[in-house]
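Visitor: Predicted structure and sequence below. I'll ask about it afterward.
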Amino acid sequence: MRDGPLLHMKSRDNFNQHLLHPWANLPALGKDDSTPQICRAEGVYLYDNNDHQLLDGPGGMWCMQVGYGRQEIADAVSAQIMELGYASTFSVFHPRETELAQKIASVTPGDLNRIFFTTGGSTAVDAALRLCQLANNIKGKPHRKHILCRHKGYHGSTYLAASVSGKERDKSAMDTDTENVHFLSAPDLSQSGQNRTEEDFCDFLIEELESTIASIGADNVMCFIAEPVMGSGGVIVPPADYNRRCWETVKSHGIIYIADEVVTGFGRLGHWFASEAIFDVRPDIITFAKGVTSGYVPLGGFAVSDTVMAEISLDNADGYIFPTGYTWSANPVSCAAGLAVWDIIVNEQLLEHVREVAPYFQDKLQGLLELPLVKNVRGLGLMAAIELEAPDAVTGNTLLDRDYALGELVDHYCYQFGLIVRPLINVCVLSPPLIITLEQIDELVSKLKAGIEAAHNSLSR
């Protein structure tokens, strides 16, 4: 069934009159005539109100692991709604949450065997940080509240998660906690390496971490939180051994290590979780969301180690409870979707598939470096970023203005050619559905190349 043009016009009117969207352009509020209206999807493709087919380059919001239109997920969700559509996990538990928790615990590193479910990535990070705060209070160390994080890191939109996010444009006009949050350099060799070798740059980053801990006082530091590969910060792949050395450093000071795998988890890099499988790190806590339900319904959470929990539970709990939870924590419908996604990933061997096609994906994208507007191409697994460089022909009062304008121009042409790229200023980020084929990778790269070339040609006129 297709909606008619009058209904689509009415939908646009309602959008302008009644919606405040994420990242709303406030100066143009109520005057939007360009935001695409997506009406249906199948496989790796979206379709707008003109039935224009669009290959979903970003995979939704880094989350569309198993592709659109999966009947298995629809059936699981429908059946769960009819059996048990809601249960308050403040006072009861249900079979779907225990089954999903057991599956997740079976693939986490080390002894991360305890799962806490939230509503998404932001609340997963907030809840994990609150658990760390509670742990120190129980252990009689209320002064241990300082958090180490990185510039360009992204951990969410809720207050604590936003406070530890290092993307300046995300919070330049918002209030965040600045008293207990300390930012380290992003592990971005291309921007911060200052002509160092990768090994020297990694040494610099670890020395900075050590000196920051020393300046705060190790006994005052609560945790270190980091994405194994930075996502929204521009798909920044760290130097070799960086993650492992950070983990070894913070653990030597008794500091909790939190790996934010909201983006990298559930197959994005070819493994359930990337921390140990790729980076040889065994965190104390791993946060997850997005891919756990392939974006179909909201769900997030964290896995925490038995070691951490043993220090604050049973006889060590001192009578405390963990006073954190959400109305939709471990919602049975969301957990049923998560279990259906799990089965698809296993049955279709998507982890193995990603490991097979990812080298081809990354290699094909490297070919874009020959284009005039392309400054850098980087990535890992099915994550990639194409960084564009704005020439003088792009108008704007500042370089940032020109970067925004260039990203929007490339996005405009890619959309015309049938590809969504979701530019982050001047960086086109890609995280396509894990089911993408070699032929579809060729299609994606071909359309991206055409969009960049069209943008360059329009600037050259």
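Guide: Sure thing, it's come through. None of these values were measured; they are calculated from a predicted model.
Visitor: and the spatially closest residue to residue 407 that is not a sequence neighbour, what are its phi and psi?
Guide: Spatially, and ignoring its direct neighbours in sequence, residue 407 is nearest to residue 423 (3.3 Å; Cβ to Cβ, 6 or more residues apart in numbering). No exception for glycine: its C-beta is placed from N, CA and C like everyone else's. According to degrees, to the nearest 10, the main-chain angles of residue 423 amount to phi -70, psi 140.
Visitor: How many residues are close by residue 423?
Guide: 21 (other Cβ atoms under 10 Å).
Visitor: any idea how far it is from residue 385?
Guide: 10 Å (Cβ to Cβ, to the nearest Å).
Visitor: Run a quick neighbour tally on the nearest residue to residue 33 once chain neighbours are set aside.
Guide: In space, and not counting its chain neighbours, residue 33 is closest to residue 12: 7.4 Å by Cβ to Cβ, 6+ apart. Other residues near residue 12 number 15, with proximity taken as other Cβ under 10 Å.
Visitor: To which secondary structure element is residue 12 assigned?
Guide: Assigned by DSSP states H and E, residue 12 belongs to helix 5-18.
Visitor: is it true that residue 281 touches residue 275?
Guide: Yes: here residue 281 lies in contact with residue 275, judged by Cβ atoms under 8 Å, at a distance of 4.5 Å.
Visitor: Identify the contacts common to the two.
Guide: 109, 228, 243, 259 (Cβ atoms under 8 Å, 6 or more residues apart in numbering).
Visitor: Those in strands, which ones?
Guide: Applying DSSP state E to the shared contacts of residue 281 and residue 275, the entries found in strands are residue 259.
Visitor: Just give me the closest of the shared contacts of residue 281 and residue 275 to residue 53.
Guide: Nearest to residue 53 among these is residue 228, at 33.1 Å by Cβ to Cβ.
Visitor: got the residue ranges for the helices in the stretch 201-350 of the chain?
Guide: 242-252, 274-279, 306-310, 332-347, 350-366 (DSSP state H, counting those that start in this stretch).
Visitor: Can I get the ones you listed in TSV including mean pLDDT, mean neighbour count and distance to residue 458?
Guide: Formatted as TSV, these follow (pLDDT from 0 to 100; neighbours: other Cβ atoms under 10 Å; distance: least, Cβ to Cβ, whole Å):
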stretch	mean pLDDT	mean neighbour count	distance to residue 458
helix 242-252	98	19	39
helix 274-279	98	22	39
helix 306-310	98	15	54
helix 332-347	98	22	41
helix 350-366	98	17	22
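Visitor: where does the stretch 301-450 of the chain dip in pLDDT?
Guide: Counting by pLDDT under 70, the stretch 301-450 of the chain contains no low-confidence residues.
Visitor: residue closest to the middle of this structure?
Guide: The centroid of the chain falls nearest to residue 263 when counting by Cα atoms, centre = their mean (3.3 Å).
Visitor: For residue 155, see how far away it is.
Guide: Counting by Cβ to Cβ - residue 263 and residue 155 are separated by 10 Å.
Visitor: okay, and the common contacts of these two?
Guide: residue 227.
Visitor: count of neighbours near residue 367?
Guide: Residue 367: 12 neighbours (other Cβ under 10 Å).
Visitor: Please identify which helix or strand holds the closest residue in space to it that isn't next to it in sequence.
Guide: Spatial nearest neighbour of residue 367, chain neighbours left out: residue 445 (7.2 Å); criterion: Cβ to Cβ, 6+ apart. Using DSSP H and E, residue 445 maps to helix 438-460.
Visitor: Dump the C-alpha coordinates for that helix into CSV.
Guide: Extracted in CSV, the C-alpha atoms of helix 438-460 (Å, rounded to 0.1, in the frame of the first residue of the first chain):
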residue,chain,number,x,y,z
LEU,A,438,29.8,-7.3,-2.4
GLU,A,439,27.6,-6.1,-5.2
GLN,A,440,25.9,-3.6,-2.9
ILE,A,441,29.3,-2.4,-1.6
ASP,A,442,30.2,-1.7,-5.2
GLU,A,443,26.9,0.2,-5.6
LEU,A,444,27.5,2.2,-2.4
VAL,A,445,31.0,3.2,-3.4
SER,A,446,29.9,4.0,-7.0
LYS,A,447,27.1,6.3,-5.8
LEU,A,448,29.3,8.0,-3.2
LYS,A,449,32.0,8.6,-5.8
ALA,A,450,29.3,10.1,-8.2
GLY,A,451,28.0,12.3,-5.4
ILE,A,452,31.5,13.7,-4.6
GLU,A,453,32.3,14.2,-8.2
ALA,A,454,29.0,16.0,-8.8
ALA,A,455,29.8,18.3,-5.9
HIS,A,456,33.2,19.0,-7.2
ASN,A,457,31.9,19.8,-10.7
SER,A,458,29.3,22.2,-9.3
LEU,A,459,32.0,24.1,-7.4
SER,A,460,34.2,24.2,-10.5
